[in-house]
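Colleague: got a predicted structure plus its sequence, pasted below:
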Amino acid sequence: MLAPSLRRSRRLKRLAEKEQLKFRRMHVRKGDLVRVLTGKSKGNVGHVIEVYPEDDRVLVEKSNLVKRHQRPSAKIQKGGIIEKENPLHVSNVKLVCPHCREPMRPRTEDKDGVKTRICRSCNEALDLK
C-alpha cells in the first residue's frame, strides 16, 4: 500500500500531464483549409471549424457526416434525423496552401519572435494577419 502523500503526488502528476495535453501543438488551426486523406470523406476539402488538441482531433466542414436522431429542444425546434460533422483525427487531414492550392506539410520559421507557418513548395507565409 502506498503512503497517502505518494498517492497524492502521483495523482497530481497525472493531472499535470492532462493539462499539458490541452496545449499540444497541432499543424492545423481553426479556419485553415484542409484536405481529408482517409476515410469515407477522402478527398473532401473544407475549412476547420474547431480543433480539439487534447484528443488530437479536428472538425472539418461537410466532412465525416453522420446522421443523429435529435429530440426537439429550445435550440432545435424541429426534431428528427439530422446530419452533423464528426471530428477527424488530425493525422487524417493535410493543410492546403491558399496560394498554390496543394496539400502540404508546413515548415515553421521564427520571424521577430513569432512562429509562422510557411509552404514548402511556394515559400509563402500562411499566418499573415
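Modeller: Yep, it's here. Numbering: from 1, shown residues only.

Colleague: which parts of the protein are strands?
Modeller: For the chain, the strands defined by DSSP state E occupy 33-36, 45-52, 57-60, 65-70, 80-85, 88-89, 93-96, 103-104, 107-111, 114-118.

Colleague: and those: which comes nearest residue 127?
Modeller: strand 114-118 (4.6 Å; Cβ to Cβ). Heads up, the C-betas are built off the backbone N, CA and C, glycines and all.

Colleague: beta partners for the residue positioned nearest the centre of the chain?
Modeller: Central residue of the chain (Cα atoms, centre = their mean): residue 58, 2.9 Å from the mean position. Beta-bridge pairing for residue 58 (DSSP bridges): residue 51, residue 88.

Colleague: need the contact list for it.
Modeller: 26, 28, 34, 48, 50-52, 87-88, 90, 93 (Cβ atoms under 8 Å, 6 or more residues apart in numbering).

Colleague: quick check: the two most widely separated of those residues?
Modeller: Farthest pair in these, by Cβ to Cβ: 34 and 52, 14.3 Å.

Colleague: which one of the two is surrounded by more residues?
Modeller: When neighbours are counted by other Cβ atoms under 10 Å, residue 34 comes out ahead of the other of residue 34 and residue 52, with 24 against 13.
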